[in-house]
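Undergrad: Please work out how this folds:
(one chain, ligands or ions: 1)
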Amino acid sequence: MQDQLEDTTSIPSHIMIDQPAPSELSSSDDNSDKPHRYPFKLTSFERRIYNVSSVFENLIKVKSEYAKDPKTEQYFSGRREEQLSNRLSDSPSPHYRISYEKSMEQLSRDNRDCFGGDRVQRFLDMGCSPGGFSNWLLEQNPGAAGVGVTLPNENAQFKLVTDGTLLDAGRYQIIYADITTFATEAVSRGGNPLSYLSSDASDVDSEETQRQFVEQYDLILAGAFPTLEGFVPWWYRIQLALSQLLVVFTNLAHGGACIIVVKNKPFRWLVELTSILRTSFTTVTASKGSVILRSTCYIVCREFHSTPEHLETVTEKLRAALTKLQDVSVDTPPEHDNNDGYRNERSMPLLSSLSDEELFEQEHEFFLEVFEPQWLVQYNGIRKVQKRRT
Ligand SMILES: C[S@@+](CC[C@H](N)C(=O)[O-])C[C@H]1O[C@@H](n2cnc3c(N)ncnc32)[C@H](O)[C@@H]1O
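TA: Purely as a prediction, here's the structure:
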């Protein structure tokens with residue numbers, strides 16, 4: 001339930017419904033850190049943040065109350081059924097696509113309209129179904145061309161329906177592929193996930209030439225996210241996010257921008273990821289888009305300025321992390337299944353070799369600067385719903 005918090009009235013309906021982990025709600029005895037007792041089971045890194053951020057603490061507390069309210073469960077099961085029936089329908093509603101268009105519009109507005117008005121020339125949209133972000137970009141940037149990558153409709157929770165959109169115009173190319181698979185396969189080959197991203201690039205044989213071609217993306221959307229898929233193992237989300245990040249780092253033009261969808265929870269890997277973004281882009285901010293209550297947000301990074309040496313270091317780290325994650329299996333429990341709460345695989349070092357403590361010391365201020373405003377928006381949204389209910 002913790003993951004499902006969503007505005008019940010004014011928000012778009014494109015909820016990424018995750019099945020709540022049954023173990024996520026904690027009895028206070030399971031959290032033996034003193035003097036704190038946590039309303040939810042938290043990973044060790046989340047606890048560090050909880051202990052220094054009253055904004056995060058307040059959010060966790062209000063989410064705990066909200067999750068216990070039976071009206072919340074009723075609401076979410078209704079929404080889940082609605083979305084599942086839409087998924088099975090032969091003519092899915094455009095409603096979901098339109099709500100993503102609104103999110104993209106909001107993201108642009110939050111960033112001085114930098115994604116419209118022909119300021120985008122060439123974009124890549126990962127996880128593009130049902131097509132809202134791409135369609136909005138094509139509409140708002142008449143000179144732009146784009147490539148969308150998404151799961152084939154039969155495997156996807158949202159079908160890509162191009163009717164009534166610009167997605168079937170000559171300016172847009174759709175590639176049906178699993179991003180995690182093609183990134184991890186590229187890593188196993190010792191290469192970069194490049195040639196899958198443009199049919200034009202497949203005509204050229206050297207990786208260097210392909211790189212020159214595909215690096216011309218000036219905006220990359222890393223929006224692939226498990227949606228409506230029931231239980232998703234904790235490492236799968238990380239694999240998908242890091243696969244997309246590898247695509248970003250190997251395909252983004254100098255000066256370009258990227259938008260990454262993440263769960264806004266202070267897991268260690270997210271702190272590591274934010275640290276890499278901080279050193280690669282001039283500005284890193286976050287936005288909830290038009291979605292207030294969900295535990296996800298968009299990290300918006302602008303002005304990519306990675307030097308070739310830095311790029312090499314980062315892509316090496318991403319490759320190593322993806323290789324490490326391939327060894328994680330269903331037998332590896334998430335942290336809050338462990339008794340002492342510390343041996344958290346979610347807290348395992350992936351992109352940084354610093355200890356939890358060192359990473360926290362080095363990164364928490366920047367991390368809080370980016371995420372506290374998002375937690376506050378989410379907190380205020382939940383409080384509003386609660387007030388309406390009483
Ligand atoms: C939240 S939706 C994205 C909505 C999209 N940004 C839009 O504007 O319409 C997430 C999408 O990611 C896709 N997805 C999930 N896992 C994927 C994967 N491994 N490879 C490619 N696409 C994936 C899902 O099928 C879904 O269409």
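Undergrad: Could you pull out the buried residues of whichever helix or strand Ser275 is part of?
TA: Per DSSP states H and E, Ser275 falls inside helix 268-280. Within helix 268-280, the residues scored as buried using 16 or more other C-beta atoms under 10 Å are 268-278, 280. In this view, the C-beta of every residue, glycine as well, is placed from N, C-alpha and C.
Undergrad: for stretch 126-135, same thing?
TA: Quick answer for stretch 126-135 (16+ other C-beta under 10 Å): 126-135.
Undergrad: so which of these comes closest to Asn251?
TA: Met126 (10.1 Å; C-beta to C-beta).
Undergrad: Identify the residues contacting that closest one.
TA: Residues in contact with Met126 (C-beta atoms under 8 Å, 6 or more residues apart in numbering) are 149-150, 179, 220-224, 244, 247.
Undergrad: Beta-bridge partners for it, please?
TA: Judged by DSSP bridges, the bridge partners of Met126 are Val149, Ala222.
Undergrad: Could you list the contact residues of the stretch 101-250 of the chain toward the ligand?
TA: 127-133, 149-151, 156-158, 178-180, 223-227, 240 (C-beta under 6 Å from any ligand atom).
Undergrad: So which of these belong to helices?
TA: Mapping those onto helices (DSSP state H) picks out 132-133, 179-180, 240.
Undergrad: coming back round to it: kindly present the buried residues of helix 268-280 as TSV, with separate columns for pLDDT.
TA: Output for the buried residues of helix 268-280, formatted as TSV (pLDDT from 0 to 100):
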residue	pLDDT
Arg268	92
Trp269	93
Leu270	95
Val271	96
Glu272	97
Leu273	97
Thr274	97
Ser275	97
Ile276	97
Leu277	98
Arg278	96
Ser280	97
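Undergrad: show me which of those neighbour the ligand.
TA: Within the buried residues of helix 268-280, nothing lies near the ligand by C-beta under 6 Å from any ligand atom.
Undergrad: want to try a markdown table for those residues, with distance to Thr162 as columns?
TA: Below are those laid out as a markdown table (distance: C-beta to C-beta, whole Å):
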| residue | distance to Thr162 |
| --- | --- |
| Arg268 | 40 |
| Trp269 | 35 |
| Leu270 | 33 |
| Val271 | 38 |
| Glu272 | 37 |
| Leu273 | 32 |
| Thr274 | 35 |
| Ser275 | 38 |
| Ile276 | 35 |
| Leu277 | 32 |
| Arg278 | 37 |
| Ser280 | 33 |
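Undergrad: what about the stretch 1-150 of the chain, any weak spots by pLDDT?
TA: 1-37 (pLDDT under 70).
Undergrad: all helices for it, in order.
TA: Using DSSP state H, counting those that start in this stretch, the helices of the stretch 1-150 of the chain run over residues 44-52, 54-68, 70-88, 95-110, 132-140.
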